[in-house]
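Engineer: below is the structure, and that's it, no one-letter string:
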């Protein structure tokens, strides 16, 4: 057989590989170093820029790498929210540790498969060790198991599937789910994907601190049982997006244990605060739950794309996901080891474990704990400062690291107050030192400050409060 022309064009030489990485690093390092000086967002013309790419044709020939880097770092990357910068106090920030970028380079370059233990035993075990460390942090027993996912949404999906199969088996047409009115929307989406229609997901009202009310939950469960439904799952929060609220987990765990319901805790944002004394106190009872969603790309400051699901009964996770295939290699049955394809929806998957394992092994857990302690302190400081601003009302004091507030002027209607707070948030954001987002709480538009990034320190919170004070003063004069 004649060798095909150009068959090795995609195989780079050692020099070409080094040059490719070096050229990329010449752009990456200055970009990361300049994050504190970059504007908090620069999306004014981003839509128009994106539209220029809509009809990008399939390339028939190559483009020099420097030209592609110019496009990325010169145009596309700057026209975004500065999610990795210290002023990003919106939504739930993702830090973007550089260590994980290096881990991903290693993982992608060696391109080893870890979906089946036999294919890469040592690498699969590194990932299993990461899960075991997470279980230790959350207080789960040795028999607990879990997986790394692309984020909390897929973790919540697998949790709902596992709970449904464990508590209802194949007949789940009468199954009902309970979640507070502050739960993340991914829980509802997970239920829909798992075959539980929205009509069977019962919203439970929250209290004055935006936590699920156990009394209302008991009433909803009892009413459904009387009507012939089969309650099987309670989804609680350990750090809501709107206010950072943590549901009364100890009371919910006792209620679920007594009623035979599965308790899932969406701790995507808040879970790793359990490394701190305050976090352990406020999340007491999470160790009694049946499953937990965590996002290392939030509480451990990793780049986006790193979520996790932990399940107290590892065998329940396996029963919910394990299937057989005639083409599969033999799977091990040593209880100390794990085939990730047996406990997750994925067969083909990347070697995600290295992106968590490497920074934890390089630094140990203590710098992460200290950073989380700092974020809690910064949030308390911000709330205290806001209370000194005339016209500002704290709607949700920080239970973790989210503060929700609003500006109120005497004699304004609710609609007028909502408009004033939109203008307040917009005015702060237009200064581009920080970026804030909002939430709707009881029909009220409130502004949020969420402190999570490892790059955010007191100097940036001072700038945030300066900008809030200036905008409030401007509104007072309008």
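Structural biologist: Alright, I've got the coordinates. The model shown is predicted, which means the values in this text are computed figures rather than measured ones.
Engineer: all strands of this protein, in order?
Structural biologist: Using DSSP state E, the strands assigned to the chain run over residues 145-149, 175-180, 201-204, 230-237, 262-266, 291-294, 307-311, 392-396, 402-407, 437-441, 444-450.
Engineer: so how far is the longest one from its chain's centroid?
Structural biologist: Looking back up the chat, that one is strand 230-237. Remark: strand 230-237 is offset 21 Å from the chain centroid, using Cα atoms, centre = their mean, to the nearest Å.
Engineer: so for that strand, mean pLDDT?
Structural biologist: In this model, strand 230-237 has a mean pLDDT of 98.
Engineer: what comes into contact with it?
Structural biologist: Applying Cβ atoms under 8 Å, 6 or more residues apart in numbering, the contact partners of strand 230-237 are 156, 160, 163-164, 167-168, 172, 174-180, 182-184, 187, 212, 217, 221, 224-225, 245-247, 249, 252, 255-256, 259, 261-267, 270, 289. Glycine gets a C-beta too; all of them are placed from N, C-alpha and C.
Engineer: try 7 Å this time
Structural biologist: For strand 230-237, the surrounding residues in contact (Cβ atoms under 7 Å, 6 or more residues apart in numbering) are 160, 163-164, 167-168, 174-180, 182-183, 187, 212, 217, 221, 224-225, 245-247, 249, 252, 256, 259, 261-266.
Engineer: wait, which of the strands of the chain is closest to residue 322?
Structural biologist: Closest approach to residue 322 among the strands of the chain (Cβ to Cβ): strand 145-149, 11.7 Å.
Engineer: just want the angle from the closest one to strand 307-311.
Structural biologist: Angle, strand 145-149 to strand 307-311, by axes from the mean of the first three to the mean of the last three Cα atoms, to 10 degrees: 160 degrees.
Engineer: who are the packing partners of strand 145-149?
Structural biologist: Packing contacts for strand 145-149, counted by 3 or more Cβ pairs under 7 Å, 6 or more residues apart in numbering; DSSP states H and E, involve helix 121-138, strand 307-311.
Engineer: next, format the ones you listed as JSON lines and append mean pLDDT, distance to residue 373 and mean neighbour count.
Structural biologist: Formatted as JSON lines, the helices and strands packed on strand 145-149 follow (pLDDT from 0 to 100; distance: least, Cβ to Cβ, whole Å; neighbours: other Cβ atoms under 10 Å):
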{"stretch": "helix 121-138", "mean pLDDT": "98", "distance to residue 373": "15", "mean neighbour count": "19"}
{"stretch": "strand 307-311", "mean pLDDT": "98", "distance to residue 373": "22", "mean neighbour count": "27"}
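Engineer: can I get those in TSV including distance to residue 45?
Structural biologist: TSV is the format used below for the helices and strands packed on strand 145-149 (distance: least, Cβ to Cβ, whole Å):
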stretch	distance to residue 45
helix 121-138	41
strand 307-311	32
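Engineer: out of the ones you listed, flag the one nearest residue 344.
Structural biologist: Short answer: strand 307-311, nearest of the helices and strands packed on strand 145-149 by Cβ to Cβ, at 8.1 Å.
Engineer: got the angle between the closest one and strand 262-266?
Structural biologist: If you take the same axes, to 10 degrees, strand 307-311 sits at 160 degrees to strand 262-266.
Engineer: where does the prediction get shaky in the chain?
Structural biologist: For the chain, residues meeting the criterion pLDDT under 70 lie at 1-6.
Engineer: pick out the residue closest to the middle of it.
Structural biologist: Note on the chain: the residue nearest the mean C-alpha position is residue 295, at 4.2 Å, using Cα atoms, centre = their mean.
Engineer: who's in contact with that one?
Structural biologist: Residue 295 sits in contact with 151-152, 268-269, 307, where contact means Cβ under 7 Å, 6+ apart.
Engineer: what does residue 99 give?
Structural biologist: 358-359, 362.
Engineer: most neighbours among these, please name it.
Structural biologist: With neighbours taken as other Cβ atoms under 10 Å, the top of the contacts of residue 99 is residue 359, carrying 22 neighbours.
Engineer: correct me if wrong: that residue contacts residue 98.
Structural biologist: No. Checked against Cβ atoms under 7 Å, the pair residue 359 and residue 98 is beyond contact range at 9.0 Å.
Engineer: quick revisit: and the residue nearest to the centre of the chain, how far is that from residue 383?
Structural biologist: The gap separating residue 295 from residue 383 is 24 Å, by Cβ to Cβ, to the nearest Å.
Engineer: for residue 475, which of the strands of the chain is the nearest?
Structural biologist: Closest approach to residue 475 among the strands of the chain (Cβ to Cβ): strand 402-407, 6.5 Å.
Engineer: next, the angle strand 392-396 makes with that closest one.
Structural biologist: Going by the same axes, to 10 degrees, strand 402-407 makes 140 degrees with strand 392-396.
Engineer: burial count for residue 277?
Structural biologist: Count around residue 277 with other Cβ under 10 Å applied: 12.
Engineer: again with the one 10 residues further on
Structural biologist: Neighbour count of residue 287, defined by other Cβ under 10 Å: 19.
Engineer: spatially nearest residue to it (excluding sequence neighbours)?
Structural biologist: Nearest non-adjacent residue to residue 287, counting by Cβ to Cβ, 6 or more residues apart in numbering: residue 139, 3.0 Å away.
Engineer: just to check, that neighbour is in contact with residue 285?
Structural biologist: No. Contact between residue 139 and residue 285 fails when scored by Cβ under 7 Å: they sit 9.6 Å apart.
Engineer: the more surrounded of these two?
Structural biologist: The residue with more neighbours, out of residue 139 and residue 285, is residue 285; 21 against 18, by other Cβ under 10 Å.
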